[in-house]
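Colleague: task: produce atomic coordinates for the following.
(2 chains, ligands or ions: 2)
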Number of protein chains: 2
Amino acid sequence: PTDDISAERRRATFNVEELAHILSGGSDKLERRLRLAKEMALTSWGDKSRRHFLTREEEYVEALKGALGIWEKMRKEKLSFDEGSVMRYLLDMPGGLELHIGMFIPSIMSQGDSEQQSKWLPLCFNLSVVGTYAQTELGHGTFVRGLETTSTYDVKSQEFILHSPSLTATKWWPGGLGKTATHAVVMARLIVEGKDYGPHAFILQLRSLETHLPLPGIKVGDIGPKYGYGGVDNGYMSMEYIRIPRENMLMRFAKVTPEGKYIPPPPSNSKASYATMLFVRADIVKNAGGVLSKAVTIATRYAAVRRQTAVKPGDRETQVLDYQNVAHTLLPLVASAYALQFMGEAMMDKYHQFEADRDKGDFSALPELHALSSGLKAMCTWITAEGIERCRATCGGHGYSRLSGLPTLLQNYVQNITWEGDNNVLCLQTGRFLLKAISAMHQGQKNPGGSVAYLAAASEEFKAKCTATCAEDWSQEKVVESALRHLATRLLANGFRELMVAGKGKLVTDGPAWNANTVMMVRLVKAHCLLVLFTNMMGYIAQLEVKKAVGATTTTVLRQLACLFALTQVEASYMGDLLEDGYMTGAQACMLRSSQRSLLVELRPNAVPLVDAFALDDYSLNSALGRYDGDVYRAMLEMAQGSPLNATEEGPAWHNILKPAMLSVPSSKL
Amino acid sequence: PTDDISAERRRATFNVEELAHILSGGSDKLERRLRLAKEMALTSWGDKSRRHFLTREEEYVEALKGALGIWEKMRKEKLSFDEGSVMRYLLDMPGGLELHIGMFIPSIMSQGDSEQQSKWLPLCFNLSVVGTYAQTELGHGTFVRGLETTSTYDVKSQEFILHSPSLTATKWWPGGLGKTATHAVVMARLIVEGKDYGPHAFILQLRSLETHLPLPGIKVGDIGPKYGYGGVDNGYMSMEYIRIPRENMLMRFAKVTPEGKYIPPPPSNSKASYATMLFVRADIVKNAGGVLSKAVTIATRYAAVRRQTAVKPGDRETQVLDYQNVAHTLLPLVASAYALQFMGEAMMDKYHQFEADRDKGDFSALPELHALSSGLKAMCTWITAEGIERCRATCGGHGYSRLSGLPTLLQNYVQNITWEGDNNVLCLQTGRFLLKAISAMHQGQKNPGGSVAYLAAASEEFKAKCTATCAEDWSQEKVVESALRHLATRLLANGFRELMVAGKGKLVTDGPAWNANTVMMVRLVKAHCLLVLFTNMMGYIAQLEVKKAVGATTTTVLRQLACLFALTQVEASYMGDLLEDGYMTGAQACMLRSSQRSLLVELRPNAVPLVDAFALDDYSLNSALGRYDGDVYRAMLEMAQGSPLNATEEGPAWHNILKPAMLSVPSSKL
Ligand SMILES: Cc1cc2nc3c(=O)[nH]c(=O)nc-3n(C[C@H](O)[C@H](O)[C@H](O)COP(=O)(O)OP(=O)(O)OC[C@H]3O[C@@H](n4cnc5c(N)ncnc54)[C@H](O)[C@@H]3O)c2cc1C
Ligand SMILES: Cc1cc2nc3c(=O)[nH]c(=O)nc-3n(C[C@H](O)[C@H](O)[C@H](O)COP(=O)(O)OP(=O)(O)OC[C@H]3O[C@@H](n4cnc5c(N)ncnc54)[C@H](O)[C@@H]3O)c2cc1C
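Modeller: Numbers count the residues shown, from 1 in each chain, chains lettered A, B, ... in the order given. Ligands and ions are numbered 1, 2, ... in the order given. Below you'll find the predicted structure:
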């Protein structure tokens, strides 16, 4: 197998190193990442050799060790926040501090007033306290306004009284809440003088800092094992009339005065909280590309060294990547990984641009960015979650082994389609935005701008026809983009019409008529996101060209990937839509399929080079099948030795279970 | 939530009990199953209360305990083989005896001669030996002829010498091989006097029956953790020139005489082995429906009691099953579960019919049945594997909890798409059969019969047009069946043409031209299977009607399900195909979608009753979300208490890991 993979590398038509530097944000960043990986592999807390064999409890302990190891290394070596993130990415083991870093500190920074910040942030950074973010309850996740936990202001003592009034009010899911966190930002309905002001944020101490035991009145624990994410102690908590000082309400926006007067948040509050969501979703989009890259690196390298059966009976066995059905699964996923990585970068850029505008008081980009990031969060996490499973399945039997790395990758990833907004719910939010955009145009607005700028030409779109005259035309940017634009515009316009009819001329965005069309809405949002992903990727490539950042052979390959990505999505989900209104003919549909298959052939020689360009080191992959050197079988056998079941030759069931049950026979009988 | 689910049950338009009896094969069978479940729940080996919390080693031990518990109960109470199967299904915990029961014993029964059977079978049934089936190697799974392990006949000693000549020859995957099995049926290339006769089966003792230690020259162990299936010790093994007596070659078909003469198997051998495969695949098809039923029972019941957000702001929160997007996921999966269950029954009937024919020397049905079972194995396992994940995702956050039962169900199921023939590879086999059938017709054969009988009308099919004139037409059996038939016929005819052109007038079924069309082949096989599934379900319903087995309200609902199943499959994958050649118009495509949505509304009141009819008891579901009584939140909280992380209040990391890392502050600072 090692020969096969070297041979693959010699087939590259482009400069892999050059592309690797671009994808890693520069050669220095790449080098730093690889160096950190080497260093971590040598530490006790970063060693991954037993990773596949841990029990849930060990996983929890090891994940915490890892997080604390990084914390300590950053402190000692004065490393940057960015380097910390890189290390957490490399360690790839979410644990009890996830929410401390990702939500507790950010909540205080964004929602605490300056006094609260100067009190709590040093405690956070010194790890004098460990926090989490407790919003979701057993009975409420998506519908935040339905939260039941109350925080009632007692003007006499100037305290809030936190309380869980029912079983379903039990906090449920917060990461680190189970056994790690000493504190939490708790979302609870603020009640002042009998009036309910809805959910607000409060800091609550959960556990004694000396004994780590829960404080009186607080029941807290781990919610039990999950599909993945075993290192994190997602927790439950119920509170029985717990008193906290007034100062523990996060008061940057809404306030309660000592005398019990509620001061509502200024409008900027909702904008600020949208901004936070924007950041989180942009980060998820970025991450989706990174995770999918891992999965396709593993599966593509393995498919290049796995030989099974021969295409022509009697010949040497075929590398399975040469089976059309395998290539047809993996190469589009490689293409998706590129599309997602470029989208992630763009989302982050847009976020930073927004921050700069915001600091000048300009919030105008927010609605569009919010809609865009919601839709893309859904689209990209779906692509990645499904993509990992397809990678796994395509590896055949060995993909089912945890040593391949793929099962764990999937199990630790797939909640991304649910958290930070369930994907369907997010699509519906984006859908409402798109409908409003088209509605505004309907009412005379000229240019909607941003990611919906293409709607400006909506009215012409209905007459548009596909111009492809041969299969090759379908690998041209213009032809593909036109089709995607037509698709998104038409689905949106149809949706708009339906919901106008349902509202008898007034656009409906809730109620039964809305609910009778959500399936259609989700589909059209995906079509919109597909267009965004494609144009973004093509735009990115054009930029590389302008900047002369890579050679022409590289951009050729990247353009092939972009087309393959788009055609595969269309082929899987939207052929009917493009045929239905006569945009394309049956013959053009055949050409599309044929173009997609040709792209597989054209891209095949670059398959391994393209995943090499992600520059994922063996440490971060931790996969017997995804190794850079292709020596997969030796790795499987060596790693398997470490299985805890192999601790004894007889195995853990022999003496007490198996032997007593087996009827002995004289060995002469055998 | 308990009120919600009772209210759902009152909405049933059909007699649930009646349908439950049909699905369970009679009220007596159902009662027996429920009784066995009750009895098992009370045993130490059948108790599931800690099931979600086991480590891999515990899982292995518990699974073995469970299997042995069943064995013992069967012996003591003289239960039938069928009752044993039911108990294994109820226990739902595959373990170290899977292959002993499922492959070792059957191999001896089907491939051993009578002497071998009378020697080994009693040992098997007494559990004096525990066997497995060792075919797959590190380097070869799909391609059995590529196996490297050798078995060389030594005429002097009248022994075979088993040997693993390379790293990739290491046996890999056999269930129970790791730490449980004492014996194995080993597939190895038979070599007699330097001549290689390809893979044959040999019985090898692996471990001492006294000490359970591996015999000299044998390296054997567990292959490590997997995505799921943790209770099974899939193993590896390499052999260094191990001698076994000549009598240990399974000699019912091929033989080696003491003098070293190879006697090839009669042609009936390959037929017999096809028959075995047929049985296994029919069993997988049957199982697919059972497993999907579990998943949809859990998700549907939960979606009926989960209330989140309100369709109309201000109203009572909506049962999430009332969101169109949720119904659009779950109801078609309920429909699929029905389609798969009916198909499973039919496959088993066909298998038994074949057995009866075979005993009269009639093997004529074999090729068609083999093709059918291969394609359906692929189609049904794909539907179930994807379906479980969709059920899980649709439950939102709680679906990610192992307490929902869905993650484990998925992880223990998904290898069904890989083993007993990788799904893509199986589709290609079926594809070859379909091509041959159409080719035979091309050469003048009139009626291909069986599952391809519809091809008789192939030539007229090209002129056929969809007759739907309104959405409701798409919920008529005839309209749907015509569309599916057209789809399958046209895809197949197109495929045939392509492969005739590629072969310049001679049908190509291997080589590069074949490999350039495998994606298309897999698609067309799925379309064929879709037609089979639909017509089978409709046929089954018609039978029920003829037999007056259920009331008219029941068959109405079942017909709605069949149409929903078919329309959903078409909508997801084949809209383009039906539009491409003008079979349906754009308007008819809209009608199809609209009909699908109407079916969701029509079936909605019967959602819970329909899953209740699967009659899955709480013991076999073992799910906090799928409980019959709908009391999901209490169940989640109670089950979570058992999490091993909750063994101490401080958790396993406090004393050694977390406390030392936290910088203490005087509590006055908080
Ligand atoms: C691993 C993990 C970690 C988490 N960590 C945290 C944490 O640290 N802190 C915290 O507070 N929470 C956390 N959560 C909770 C998470 O935020 C919620 O699970 C998530 O928001 C989804 O909400 P839900 O579970 O209520 O889903 P539900 O809303 O119950 O969704 C169920 C189904 O209903 C559908 N649905 C719901 N509403 C609508 C609607 N209006 N229209 C159409 N369809 C609808 C959904 O699409 C879904 O299919 C975590 C969850 C997970 C899985
Ligand atoms: C949980 C589990 C339990 C098992 N138990 C046993 C057991 O008890 N005993 C035993 O002997 N084995 C066992 N196996 C092994 C199992 O039979 C093989 O894994 C299975 O046959 C698939 O073969 P493979 O792994 O070689 O896949 P590969 O053939 O390597 O497949 C890799 C990829 O190549 C593609 N591919 C391969 N050949 C072709 C072709 N000709 N045309 C097109 N595409 C192709 C496949 O579609 C797949 O995507 C088990 C496997 C699993 C996962």
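
Colleague: so the nearest residue in space to A:N646 that is not next to it in sequence is in which element?
Modeller: The shortest distance from A:N646 to any non-neighbouring residue, by CB to CB, 6 or more residues apart in numbering or on different chains, is to B:G221 (4.6 Å). Yep, even glycine has a C-beta here, placed from its N, CA and C like the rest. In the assignment (DSSP states H and E), B:G221 maps to strand B:218-222.

Colleague: sheet partners, orientation included, of that strand?
Modeller: strand B:235-239 (antiparallel) (DSSP bridges).

Colleague: do the strand it pairs with and ligand 2 meet at all?
Modeller: No: Strand B:235-239 lies out of reach of ligand 2 by CB under 6 Å from any ligand atom, never closer than 8.8 Å.

Colleague: one step back: may I see the buried residues of the strand holding B:G221?
Modeller: Within strand B:218-222, the residues scored as buried using 16 or more other CB atoms under 10 Å in any protein chain shown are B:I218, B:V220, B:G221, B:D222.

Colleague: and for stretch A:515-533?
Modeller: A:515-533.

Colleague: ok, now stretch A:274-291?
Modeller: A:274-275, A:277-291.

Colleague: and the longest helix that chain A contains, what does it pack onto?
Modeller: For chain A, the helix with the greatest residue count under DSSP state H is helix A:268-305. Applying 3 or more CB pairs under 8 Å, 6 or more residues apart in numbering or on different chains; DSSP states H and E, we find helix A:268-305 packed against helix A:2-10, helix A:105-111, helix A:324-359, helix A:366-394, helix A:406-413, helix A:607-612, helix A:618-621.

Colleague: apply 6 Å and report the result again.
Modeller: Counting contacts by 3 or more CB pairs under 6 Å, 6 or more residues apart in numbering or on different chains; DSSP states H and E, helix A:268-305 is packed against helix A:2-10, helix A:324-359, helix A:366-394, helix A:607-612.

Colleague: what angle do the second one and helix A:268-305 make?
Modeller: What that stands for is helix A:324-359. 160 degrees (axes from the mean of the first three to the mean of the last three CA atoms, to 10 degrees).

Colleague: what angle separates helix A:324-359 from helix A:366-394?
Modeller: 160 degrees.

Colleague: can helix A:324-359 be found next to ligand 2?
Modeller: Yes: counting by CB under 6 Å from any ligand atom, contacts between helix A:324-359 and ligand 2 involve A:N325, A:V326.

Colleague: okay, buried residues for that helix please.
Modeller: For helix A:324-359, using 16+ other CB under 10 Å, the buried residues are A:324-347, A:350-351, A:354, A:358.

Colleague: which members of those additionally contact ligand 1?
Modeller: Applying CB under 6 Å from any ligand atom to these, none is adjacent to ligand 1.

Colleague: give me the contact list for the helix or strand containing A:L579.
Modeller: Applying DSSP H and E as the criterion places A:L579 in helix A:575-580. With contact meaning CB atoms under 6 Å, 6 or more residues apart in numbering or on different chains, helix A:575-580 is reached by A:L487, A:M584, A:A589, B:M575, B:G576, B:L579, B:G586, B:A589.

Colleague: which among those residues end up buried?
Modeller: Counted by 16+ other CB under 10 Å, those give A:L487, A:M584, A:A589, B:M575, B:G576, B:L579, B:A589 as buried.

Colleague: just checking, the second one touches A:T467?
Modeller: In this case it means A:M584. No: applying CB atoms under 6 Å, one finds A:M584 not in contact with A:T467, separated by 9.6 Å.

Colleague: any idea which helix or strand carries A:F202?
Modeller: Using DSSP H and E, A:F202 falls in strand A:195-205.

Colleague: ok, now how distant is A:T418 from ligand 1?
Modeller: 5 Å (CB to the nearest ligand atom, to the nearest Å).

Colleague: A:A502 now?
Modeller: 17 Å.

Colleague: please verify my assumption that that residue contacts A:A513.
Modeller: Yes: counting by CB under 6 Å, A:A502 touches A:A513, with 3.6 Å between them.

Colleague: contacts only, for the closest residue to ligand 1 within chain A.
Modeller: Distances between chain A and ligand 1 by CB to the nearest ligand atom are smallest at A:G141, namely 2.1 Å. A:G141 makes contacts with B:G397, as judged by CB under 6 Å, 6+ apart.

Colleague: show the pLDDT at it.
Modeller: Here, the pLDDT recorded for A:G141 equals 96.

Colleague: what residues sit buried inside the helix or strand bottoming out on mean pLDDT in chain A?
Modeller: Ranked by mean pLDDT, DSSP states H and E, the weakest helix or strand in chain A is helix A:458-461, scoring a mean of 87. Of the residues in helix A:458-461, those buried by neighbour count under the rule 16+ other CB under 10 Å are A:A458, A:E461.

Colleague: so after that helix, what's the next helix or strand?
Modeller: helix A:477-502.

Colleague: who is the residue nearest to A:N646 paired with across the strands?
Modeller: Under the criterion used here (DSSP bridges), B:G221 is bridged to B:Y236.
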